[in-house]
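Novice: here are the coordinates; sequence isn't available:
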């Protein structure tokens, strides 16, 4: 296939051969991993509807498969689709072949190796325990290497391009590359304890903020900016119409990447995160409405004059619905960031519906549309069956709507159920499991929607296979002007030191300074910020043409453009993270009795200062994390009456500062466990972990029978305590020296207690460690040596058998529904 770009008369032309082999490879593997991701989604949805779908196998349990599903969908399916679209469009927008074929293929094979390693590690329980960042540290290093390879190849291609201006799609690609690098590296700073395990350097509130700074912006810069860039190329191509508004593209891009980076704290509303950070996240999330909808409208209005294609072209159908779901998701996200709405929706299935509206409606449909448009051109033919693509569109759309609407209904119902109080101001529905039971019809509907979406994807597979078979791989050759873009008189240094750039750098520096400044200095910094902002506005008003000319030069200078994008995304993270780290570092990790007696404020604070875990408790915590328990259980009680009544006193910042990683959670399929310690005896926990239905008949929690047979090595635990000591956890040298002895003595206390109730358990079993950890939560350090027990209160007579067996009250025997779910 030959094409010739228009050139001025007498301009010498040169031949460019596009590398579409790499595009075909990424397109093929996108479809393969898509099927895998959708299948895993159906399995984990089935596990929530039918606990038997865990198959009684530890490596197929919900806590291990759910991270595999999310990573397969995000990094394997959408990620490979992103690479396919970027490699295809970049070459055509820059009128040059990718700089280095070897780097392109290293990107391809390296990314697939990362995905395979993830697919092997998650079912084995190898995880960091941080959402969307679960990969263990050796795989993290592989991700960084592959991303650097991709970045080098991309920016090298920018340097040798045969097109002077950078089209809007390229802007989004640049922001994705630099931002993901920053996010991934900072969030994955960790200290290894072995080849397969590590602890993050941040703990507690610091880790929570950094994690959701990463988690929210991974959605922004992996699942939003790349598809937006692809939208600006492929939607324009499919519609055969120019972008509706260039100016709107400029405003959309810069406002989006600047505002998005601030919004992470809206995932932590009403938690122990400082109020100012929560409010900042909420405000910037609401501000995101404007640029997000600006991009959506720019995409939809690009179809002006081409709406007739919507009736006949399935590619346009996929693009229109994808952009519409983007608009819905970017309306719903800011809505959920409003504190009063978050109070209702957070921890519920509403969040699951929101996420899948974006993932299935926006990301998947955009990817499907790109594949349907691109694959026929890669093979020099037409799409095999338009009717089959139409059928896929309708089956997929119905599946998405069934999924999303059912989760909306379930989520709102759960939020109202949990917060309902009776006339006396007490919980109207004290049994958590009742809410889960009421959601089951919606879980079944979600499962049916997921199955429809999954089955519809096979229509895509067959259609693309037949399309490729009826054609053959095509090599695209184009003629482009032989001369590279003439260098503009303004150098990169001149652009960086120009008035507009100096104004922006000043605003960024002062913004970061304002965040880190104390109460005495912050008013002065704020005044300087206002002065410079006003001066910049006046300068722009008086010299609009010069500012416009400056930006035109920036668009032609890839280096300056990249630096500007990097500065735009760094400021938000710095302003939020640095002050939070400084504030949490001021919380004392140890308060002596003498200090508490001399200072009443310290005495109150001492009640909420976390103490280090015992060796056995630390081992149990590591097991809890490896099993993915955090995907169903939170450990953060919000300051609401209904939560305090249900779970206990609300959580404080100091209670989790030593948690590496933090375990605040983002979804409650089961009870919050922040203060579960001491609510149930050891036997209850043992029965619940062996088979949750023994204590909570309606539970959908997997069984953890393997805890009884698998063992913990106290020597490994001792080494991990040493690593935590390096991270600032106040373990003493004596703690390390006595670690193995204390491990054994505390384990014996638990196993002796169970033995008295006719349960035999090995002291070094995982079951013993997990029970120790659960009994510690919300109670402080537990005895590691035998003590004389206090007289037990008289048991309350109850009907359930479990209440009689465990010595709990009827409410305690019922509400564990959630401890297990």
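Specialist: Received it, and whenever you're ready, just let me know what you need. Given the structure is predicted, the values throughout are model-derived calculations rather than measurements.

Novice: Please tell me how far the residue lying closest to residue 543 once chain neighbours are set aside sits from residue 559.
Specialist: Excluding the flanking residues, the one nearest residue 543 by C-beta to C-beta, 6 or more residues apart in numbering is residue 499, at 8.0 Å. To be clear about C-beta, it is placed using only N, CA and C from the backbone, and glycine gets the same treatment. Applying C-beta to C-beta, to the nearest Å, the value for residue 499 to residue 559 is 19 Å.

Novice: For the spatially most central residue of the chain, give me its contacts.
Specialist: A centroid search over the chain (C-alpha atoms, centre = their mean) returns residue 215, at 3.5 Å, as the residue closest to the centre. Neighbour list for residue 215: 130-133, 264, 267 [criterion: C-beta atoms under 8 Å, 6 or more residues apart in numbering].

Novice: what kind of secondary structure is it in?
Specialist: Put simply, residue 215 is helix when judged by DSSP: H, G, I helix; E, B strand; the rest coil.

Novice: Closest one of the contacts of residue 215 to residue 552?
Specialist: Using C-beta to C-beta, residue 264 comes nearest to residue 552 of the contacts of residue 215, at 33.0 Å.

Novice: Which parts of this protein are strands?
Specialist: For the chain, strands defined by DSSP state E occupy the ranges 2-4, 13-17, 190-194, 197-200, 477-481.

Novice: Packed most tightly, which of those would that be?
Specialist: Ranked by mean neighbour count, the strands of the chain are led by strand 197-200 with a mean of 22 (mean count of other C-beta atoms under 10 Å).

Novice: now that one: how far from the chain's centre is it?
Specialist: Here the centre of strand 197-200 is set off from its chain's centre by 18 Å, with C-alpha atoms, centre = their mean, to the nearest Å.

Novice: Same check on stretch 530-538?
Specialist: 36 Å.

Novice: tell me which residues in that stretch are buried?
Specialist: 532, 536 (16 or more other C-beta atoms under 10 Å).

Novice: Let me know the average pLDDT across that stretch.
Specialist: For stretch 530-538, the mean per-residue pLDDT is 84.

Novice: what do you get for stretch 438-451?
Specialist: 96.

Novice: what's in contact with that stretch?
Specialist: When contacts are defined by C-beta under 8 Å, 6+ apart, stretch 438-451 is touched by residues 38, 41-42, 45-46, 48-49, 349, 398-407, 409-410, 413-414, 417.

Novice: how's the chain carved up into domains?
Specialist: 20-480, 492-585, 605-814 (automatic domain parsing).

Novice: Make CSV from the ones you listed and add distance to residue 13 to it.
Specialist: As requested, the domains of the chain are exported to CSV (distance: least, C-beta to C-beta, whole Å):
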stretch, distance to residue 13
domain 20-480, 4
domain 492-585, 22
domain 605-814, 56
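
Novice: Could you tell me the least trusted of those?
Specialist: Across the domains of the chain, domain 492-585 has the smallest mean pLDDT, namely a mean of 80.

Novice: can you pull out the helices in the stretch 101-250 of the chain?
Specialist: Counting by DSSP state H, counting those that start in this stretch, the stretch 101-250 of the chain has helices at residues 101-121, 137-159, 168-187, 204-222, 225-230, 236-239, 246-260.

Novice: Which of the ones you listed sits closest to residue 772?
Specialist: helix 204-222 (20.7 Å).

Novice: The closest one versus helix 168-187: what angle between them?
Specialist: Computed by axes from the mean of the first three to the mean of the last three C-alpha atoms, to 10 degrees, the angle separating helix 204-222 from helix 168-187 equals 160 degrees.

Novice: Now do residue 326 against residue 374, distance only.
Specialist: In terms of C-beta to C-beta, residue 326 sits 20 Å off from residue 374.

Novice: Between the two, which is the more surrounded one?
Specialist: More neighbours surround residue 326 than the other of residue 326 and residue 374, with 27 against 23 (other C-beta atoms under 10 Å).

Novice: wait, doesn't the more buried one sit right on residue 363?
Specialist: No - with contacts defined as C-beta atoms under 8 Å, residue 326 does not count as touching residue 363, sitting 9.0 Å away.

Novice: Spit out the residues that contact these two alike.
Specialist: Common contact partners of residue 326 and residue 363 (C-beta under 8 Å, 6+ apart): residue 227.

Novice: Can you go through the contacts of stretch 438-451 and name the buried ones?
Specialist: Neighbour counting by 16+ other C-beta under 10 Å classes 38, 41-42, 45-46, 48-49, 349, 399-400, 402-407, 409-410, 413-414, 417 among these as buried.

Novice: neighbours around residue 75, how many?
Specialist: 22.

Novice: what sits against the residue nearest to it when sequence neighbours are not counted?
Specialist: Among residues not flanking residue 75 along the chain, residue 115 sits closest, at 6.5 Å (C-beta to C-beta, 6+ apart). Residues near residue 115 by C-beta under 8 Å, 6+ apart: 33, 71-72, 75-76.

Novice: how near is residue 115 to residue 38?
Specialist: From residue 115 across to residue 38, the span is 15 Å (C-beta to C-beta).

Novice: now residue 301
Specialist: For residue 301, the distance to residue 38 equals 32 Å [C-beta to C-beta].

Novice: Ok, residue 628 next?
Specialist: Separation of residue 628 from residue 38 (C-beta to C-beta): 20 Å.

Novice: try residue 468
Specialist: Residue 468 is 21 Å from residue 38, by C-beta to C-beta.

Novice: Residue 743 too?
Specialist: Distance, residue 743 to residue 38, by C-beta to C-beta: 44 Å.

Novice: and if you look at residue 274?
Specialist: Between residue 274 and residue 38 the computed distance is 40 Å (C-beta to C-beta).

Novice: Over to residue 314?
Specialist: Distance, residue 314 to residue 38, using C-beta to C-beta: 19 Å.

Novice: So what's the residue count around the residue nearest to residue 210 when sequence neighbours are not counted?
Specialist: In this structure, residue 210 finds its nearest non-sequential neighbour in residue 202, 5.2 Å apart by C-beta to C-beta, 6+ apart. As a burial measure, residue 202 scores 25 neighbours (other C-beta under 10 Å).

Novice: Might you report the residue contacts of residue 202?
Specialist: Counting by C-beta under 8 Å, 6+ apart, residue 202 makes contact with 189, 210, 581, 660-661.

Novice: if I look at residue 114, how far off is residue 227?
Specialist: 21 Å.

Novice: between these two, who's got more neighbours?
Specialist: Between residue 114 and residue 227, counting by other C-beta under 10 Å, residue 227 is the more crowded of the two (27 against 22).

Novice: I'd like the distance between the more buried one and residue 502.
Specialist: With distances taken as C-beta to C-beta, residue 227 is found 34 Å from residue 502.

Novice: ok, now residue 166?
Specialist: 23 Å.
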